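*Asks:* Dropping a prediction and its sequence here:
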Amino acid sequence: MADISQYLEAIEEAVYGEEVRGSIHDAIQAVNESAEGSAAAAASSASAAAGSATTAGQKATAAGNSATAAAGSATAAAGSASTASTKAGEAAQSATNASNSASTASTRAGEAAQSATNAASSASAAAGSATTAGQKATAATESATAAAGSATTAGEKATAASNSATAAGTSEANALAYKNEAKEYRDQAAGYAGQGAYSFVVDDDNYICINYREDE
């Protein structure tokens, strides 16, 4: 509101009619100008208030839309949370199944390891048996070789015995011939008994020779 105290003071001090009228005019004009300025300011304020109200309404609408969207998001989040909970339950069940499968696999692995150990023991026993069989086969081969050697030796001895028997037969025949020949020489010697001296000599061909010497 305009300050018109100076105009009121001028009116009080005016003496003449012209001064009084001028003072009143100036005061009224100042009030009018102040009122017009206040009205313009009020109109501007009202316009600004209307703009603010419009903006506030828009913001309220946007806030309502945001609230609606937030509610939708909350609903979706709740649905997602429910789905996540379901998936978590399924994951937990899968983990339990995986643990059971791992336990079964561990058991199977233990059984396989035991089977491998048994197989290794069987293989070792088989190797030992094979070694023993090889040793026995070697011994049998050596025995067969020795038997063959013995057979060869026996054959050689049999041949030698046969040769000895043949030689013995020949010697016996020669001995018989020598015996007969000696008998003849003895008979001849008996005929020479009164005529001289004689001696028997075996030459290089195994023949008996009679050396006769007459008495003088």
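*Replies:* In hand now; what should we look at?

*Asks:* I'd like to know which elements the longest helix along the chain is packed against.
*Replies:* Determined from DSSP state H, the single longest helix within the chain is helix 17-191. Counting contacts by 3 or more Cβ pairs under 8 Å, 6 or more residues apart in numbering; DSSP states H and E, helix 17-191 packs against helix 5-13, strand 208-214. Using the backbone N, CA and C atoms, a C-beta is placed for each residue, glycine as well.

*Asks:* rerun at 10 Å
*Replies:* Here helix 17-191 touches helix 5-13, strand 196-202, strand 208-214, going by 3 or more Cβ pairs under 10 Å, 6 or more residues apart in numbering; DSSP states H and E.

*Asks:* Distance check, Ala62 against Ser52.
*Replies:* Note on Ala62: its distance to Ser52, by Cβ to Cβ, to the nearest Å, is 15 Å.

*Asks:* angle of the longest helix of the chain against helix 5-13?
*Replies:* 170 degrees (axes from the mean of the first three to the mean of the last three Cα atoms, to 10 degrees).

*Asks:* Centre-most residue in the chain?
*Replies:* Ala109 (13.1 Å; Cα atoms, centre = their mean).

*Asks:* residues contacting that one?
*Replies:* Residues touching Ala109, when contacts are defined by Cβ atoms under 10 Å, 6 or more residues apart in numbering, are absent altogether.

*Asks:* Could you check the pLDDT of it?
*Replies:* Note on Ala109: pLDDT of 86.

*Asks:* what do you get for Tyr16?
*Replies:* You'll see Tyr16 listed with a pLDDT of 85.

*Asks:* what do you get for Thr131?
*Replies:* Note on Thr131: pLDDT of 90.

*Asks:* and what of Ser52?
*Replies:* Per the predicted model, pLDDT is 91 at Ser52.

*Asks:* Which residues belonging to stretch 116-132 are considered buried?
*Replies:* For stretch 116-132, a neighbour-count test (16 or more other Cβ atoms under 10 Å) marks nothing as buried.

*Asks:* Great, nothing more from me.
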